[in-house]
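K.L.:
What follows is a predicted structure for the sequence shown.
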Amino acid sequence: MMPALSSRIPFSSLGEKEILALAIAAEEEDGRIYRTYAERLATDYPRSAAMFDAMAQEEDEHRRRLIEHFRARFGETIPLIRRADVAGFYRRRPVWLVANLSLERIRGEAASMESEARNFYEKAASRTSDAATRKLLGDLAVAEGEHLATADRLEAELLPQGAREEEAAAEHRRFLLTYVQPGLAGLMDGSVSTLAPIFAAAFATHDTWQTFLVGLAAAIGAGISMGFTEAASDDGALTGRGSPLKRGIASGVMTAAGGLGHALPYLVPHFWTATSIAIVIVFIELWTIAWIQKRYMDTSFWRAALQVVLGGSLVFAAGILIGSA
């Protein structure tokens, strides 16, 4: 058996004292998670932050009731038992893993937390013989089940329709500025700027492998360059464009993908077959970029097509002419 697994305590072996201590630690952790959500959302989504603050206060009340009951039965010293110490016990994902989730995903995480907590209290209540402890754990199971309704009530109170629409618009705007805009710029740069070197190499050498290597180098080089340029452009604090790391990754990955799209066909050994496939892919890439501009950037489709397709076609033609010279 793996050491990490063998060192965990089976839930079935816990006594009532340990179960109460575990519940206290779990409620404390959940309250801290909700407050972290509130802090994370406070700047852009103040009403949702207020909702999570209210939920944290309810977790604090649960913890207070558990501590009072523990002191009455077992005294002042509460043993340190955490979720990670108990085999089969539900675990919360580290906050740093969920800190960058969307607003809706964070709300979904909160709903999952309440459901898991309810299941824990139901199991814990079934394993206790003391009437007062069983009643407390049963009441908390009911309370956790009602938290979903409480969350809906708090959302209705703190997030009226207008505020919810305002937060949804802010979320959409942040998504556009952090991912779509840098990714689209990268895709355009990778798709268009690599056309000339790839097709120049193709028509100059008629060697598919050498052309592929040129395309691979151009795509990766452009991706690294665009990624670092985007990440270094600003820290997002004043512009509201989000994390520079996220923007840099989005831009760099999409730039490389745009270049690799028409480099990969040259893995086909037959020159004209590879070139025909590459031309079809270029056509699809350019029109896809035009569609993305229309879909996410509110740009007229024909204006986007004129900018992207015409510009890409000129670069494509320049590469062929230079390679054929």
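P.N.:
Looks like it arrived, so ask away. Numbering: from 1, shown residues only.

K.L.:
for Pro269, helix, strand, or coil?
P.N.:
Of the three states, Pro269 takes coil under DSSP: H, G, I helix; E, B strand; the rest coil.

K.L.:
Find the nearest non-adjacent residue to it, please.
P.N.:
Thr208 (5.6 Å; C-beta to C-beta, 6 or more residues apart in numbering). Yep, even glycine has a C-beta here, placed from its N, CA and C like the rest.

K.L.:
again, but for Ser129
P.N.:
Excluding the flanking residues, the one nearest Ser129 by C-beta to C-beta, 6+ apart is Glu16, at 7.5 Å.

K.L.:
The one you found reaches Asp130, doesn't it?
P.N.:
Yes: if you go by C-beta atoms under 8 Å, Glu16 and Asp130 touch, sitting 6.1 Å apart.

K.L.:
my guess is Leu260 contacts Ala218, does it?
P.N.:
No: the criterion here is C-beta under 8 Å, and Leu260 misses it with Ala218 at 9.4 Å.

K.L.:
thinking again about what came up before, any common contacting residues for Glu16 and Asp130?
P.N.:
Counting by C-beta atoms under 8 Å, 6 or more residues apart in numbering, the residues touching both Glu16 and Asp130 are Arg73.

K.L.:
Could you pull up the residues touching the residue nearest to Ser129?
P.N.:
Arg73, Arg127, Thr128, Ser129, Asp130, Thr133.

K.L.:
same question, Gln57
P.N.:
Contacts of Gln57 (C-beta under 8 Å, 6+ apart): Gly31.

K.L.:
which SSE is it in?
P.N.:
Using DSSP states H and E, the element containing Gln57 is helix 46-74.

K.L.:
Quick one, grab the pLDDT at Arg153.
P.N.:
Listed pLDDT for Arg153 reads 56.

K.L.:
Quick check: which ranges of this protein have low pLDDT?
P.N.:
1-6, 88-105, 108, 147-174, 233-242, 296-299, 304 (pLDDT under 70).

K.L.:
now with 50?
P.N.:
1-5, 158, 238 (pLDDT under 50).

K.L.:
Please point out which parts of the helix or strand Ala290 falls within sit buried.
P.N.:
Assessed by DSSP H and E, Ala290 sits inside helix 271-297. Using 16 or more other C-beta atoms under 10 Å as the test for burial, helix 271-297 gives 271, 274-275, 277-278, 281-282, 285-287, 289-290, 292-294, 296.

K.L.:
Good, wrapping up.
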